[in-house]
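Asker: Sharing a sequence plus its predicted fold:
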Amino acid sequence: MKQLVMIVCLSLASIAYSHAQEPGNVANPQLVIVYLEDKSEITGELISENDTEIVINSISLGLLTFQKSEIKRIIYLDAKGRMPNPNPTRYFIGQSAHTHEKGEGYYQNIYGLFNLVSYGVTDRFSVIGGVELVSLFSGNPFLFANAKYGIPIAPKLNVAASVTYITVAGSLADFSAGTINGLVTYGNKEHHVTVGSGYAFANGEIDNSGILTLGGITRLSKRFAFITENYILTSGEDAIISGGLRYIAKKLTIDLMYFEGGFPAIDIVLKL
C-alpha cells in the first residue's frame, strides 16, 4: 500500500507542477462564447465588458454589442481556446474546495443506478441530494445528502468544509452513516490538487480512525483530463486508490475510473 500511496503523491505533485508551469494568457486574446436568451450562441474575441453590456469581435459577424439582459450565460475559453472544465467542484465522488456559482449545478449518474443532483445555493454554499434506483424499487432506498461551504483565501487557494450523510428509508431506516471533512485545494479549475482530512460516523458514533483524502485533476487536451481520487485511513490499515480520465464537452463530462484491485467505475455528468 505504501508504494501505491507514493504513486498517488507523485501524481498530485505532477499536477501541481503542471499548474505552476502553465503559461499566463495576458498577451493572448480572451475568447468567449455568449449564450443568448433566444438560445443562440456566438463565439468571438472579448473586446470589452462592464455591468450592462459586452462587446465581442466575431470572425463571421464582426463587432457585436450585447446587453447583459439579453445574455443567459458567458463562457470564457482558456488561452488555447478550450472549454473550461464543467465540473471543477468534484472528482468522481470526492469533492474539491472549489464551489459552484449561485444557481449552477450538475446531475450525475453513476452506473445508471446512482443519481445525484448538486446545486449552488450561493457562491460559497452548495448542496447535493441523491438516491440509488435498485434499492428505491425494493422499498428501502439509499438516500445521500451533502452540504459544502467553501471560501477562496488566495487566488489559487480554496478551503471548504463538507458534511456527507447517507441513510436508508423504509424498514432499514435506523441505519445512517457519513463523513465530516475539511478540504484544501491548490490550483485553478483546470489543474488542481486537494488534500482533505476528516472522520466517518455511523449511527451517531464517530469512528476514531481519521480519513485522509487526496484528489487531483489536470487538463491533458481539449477533450480529456486526468483525475485521481484516493482515501487513506490514518491508522494505516487500508486505502482506496484510483485514477482515470475525464471526457469534457460543453455541458457534459464522462469519467472513467479504475480503482485498486481492478474495479472500474463510470459516470455521466450534465451541467445544469
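Answerer: All right, it came through fine.

Asker: Give the buried residues for the helix or strand containing Val193.
Answerer: Secondary structure assignment for Val193, by DSSP states H and E: strand 191-202. Within strand 191-202, the residues scored as buried using 16 or more other C-beta atoms under 10 Å are His191, His192, Val193, Thr194, Val195, Gly196, Gly198, Ala200, Phe201. Just so you know, the C-beta spots here come from the backbone N, C-alpha and C atoms, and that holds for glycine as well.

Asker: Could I get these in JSON lines, plus columns for distance to Thr228?
Answerer: Below are these laid out as JSON lines (distance: C-beta to C-beta, whole Å):
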{"residue": "His191", "distance to Thr228": "13"}
{"residue": "His192", "distance to Thr228": "12"}
{"residue": "Val193", "distance to Thr228": "9"}
{"residue": "Thr194", "distance to Thr228": "10"}
{"residue": "Val195", "distance to Thr228": "12"}
{"residue": "Gly196", "distance to Thr228": "13"}
{"residue": "Gly198", "distance to Thr228": "18"}
{"residue": "Ala200", "distance to Thr228": "21"}
{"residue": "Phe201", "distance to Thr228": "26"}
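
Asker: TSV please, covering the residues you listed and showing distance to Asp174 and pLDDT.
Answerer: TSV is the format used below for the buried residues of strand 191-202 (distance: C-beta to C-beta, whole Å; pLDDT from 0 to 100):
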residue	distance to Asp174	pLDDT
His191	44	95
His192	39	97
Val193	38	98
Thr194	33	98
Val195	34	97
Gly196	29	96
Gly198	24	93
Ala200	18	88
Phe201	15	88
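
Asker: Of the residues you listed, just say which sits nearest to Gly210.
Answerer: Gly198 (6.9 Å; C-beta to C-beta).

Asker: The closest one contacts Gly178, doesn't it?
Answerer: No - at 9.9 Å, Gly198 and Gly178 do not qualify as touching, with contact defined as C-beta atoms under 8 Å.

Asker: separation between Ala202 and Val168?
Answerer: 12 Å (C-beta to C-beta, to the nearest Å).

Asker: overlap in contacts of the two?
Answerer: Ser176 (C-beta atoms under 8 Å, 6 or more residues apart in numbering).
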